[in-house]
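A.B. asks: Kindly generate the corresponding structure for this input.
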Amino acid sequence: MQTHLITINTVPTPNIGSLSFFEAERDLPFPIKRIYYIHGVPANTERGAHAHKELKQLLFCPYGSVKILLDNGKEKTEVILDDPSKGLIITPCIWRDMIWLVENSVLCVAASDYYNEDDYIRDYSEFITWINSHEYRV
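C.D. replies: All right, here's what the predicted structure looks like:
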């Protein structure tokens with residue numbers, strides 16, 4: 001599975017919290033061209049249900065808890081993002097579903113490219129056909 005968890009740089013300041021940060025092409029294996037976040041989601045809501053042909057992403061949850069279900073067409077795994085100092089890097093051709101475990105959790109995404117609808121695969125059977133026909137390797 002071409003995903004992995006990273007520890008986001010975190011600088012604690014006693015009694016007043018912590019500051020966490022990451023830097024493109026230092027902490028992430030790609031440049032950042034877009035940042036977006038999903039918020040205001042009720043608990044137990046499922047979102048996602050897609051893969052990307054080329055896009056690389058870092059997902060992190062600065063508030064709350066979101067379960068990420070991952071599928072590369074051969075194996076499946078899940079990751080719970082519930083610590084703002086942890087991030088999940090997802091490479092292309094990984095199907096993902098996200099389930100909000102806590103209401104109003106915030107899921108942030110740093111993406112390697114600008115929005116491009118043509119990069120999305122939104123049908124699971126098309127996803128399987130895509131990865132089998134392209135023998136995608138990252």
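A.B. asks: Which phi and psi values does the residue nearest to P42 when sequence neighbours are not counted adopt?
C.D. replies: Once flanking residues are discounted, P42 sits nearest to E103: 5.5 Å by CB to CB, 6 or more residues apart in numbering. C-beta here means a position set from N, CA and C on the backbone, and glycine is covered the same way. Main-chain torsions, E103, degrees, to the nearest 10: phi -60, psi 140.
A.B. asks: Tell me how many other residues surround E103.
C.D. replies: Residues lying near E103 (other CB atoms under 10 Å) number 13.
A.B. asks: for Y120, same thing?
C.D. replies: Residues lying near Y120 (other CB under 10 Å) number 13.
A.B. asks: for Y114, same thing?
C.D. replies: 9.
A.B. asks: starting at the chain centroid, how far to the helix or strand where L88 lies?
C.D. replies: According to DSSP states H and E, L88 maps onto strand 86-90. Strand 86-90 has its C-alpha centroid displaced from the chain centroid by 6 Å (CA atoms, centre = their mean, to the nearest Å).
A.B. asks: Same question for stretch 76-88.
C.D. replies: How far stretch 76-88 lies from its chain's middle: 9 Å, per CA atoms, centre = their mean.
A.B. asks: I32 reaches K56, doesn't it?
C.D. replies: No: between I32 and K56 there is no contact under CB atoms under 8 Å: 9.7 Å.
A.B. asks: what residues are shared contacts of the two?
C.D. replies: Both I32 and K56 are in contact with A111, S112, where contact means CB atoms under 8 Å, 6 or more residues apart in numbering.
A.B. asks: more crowded one of those two?
C.D. replies: Taking other CB under 10 Å, I32 and K56 do not tie; K56 has more neighbours (21 against 18).
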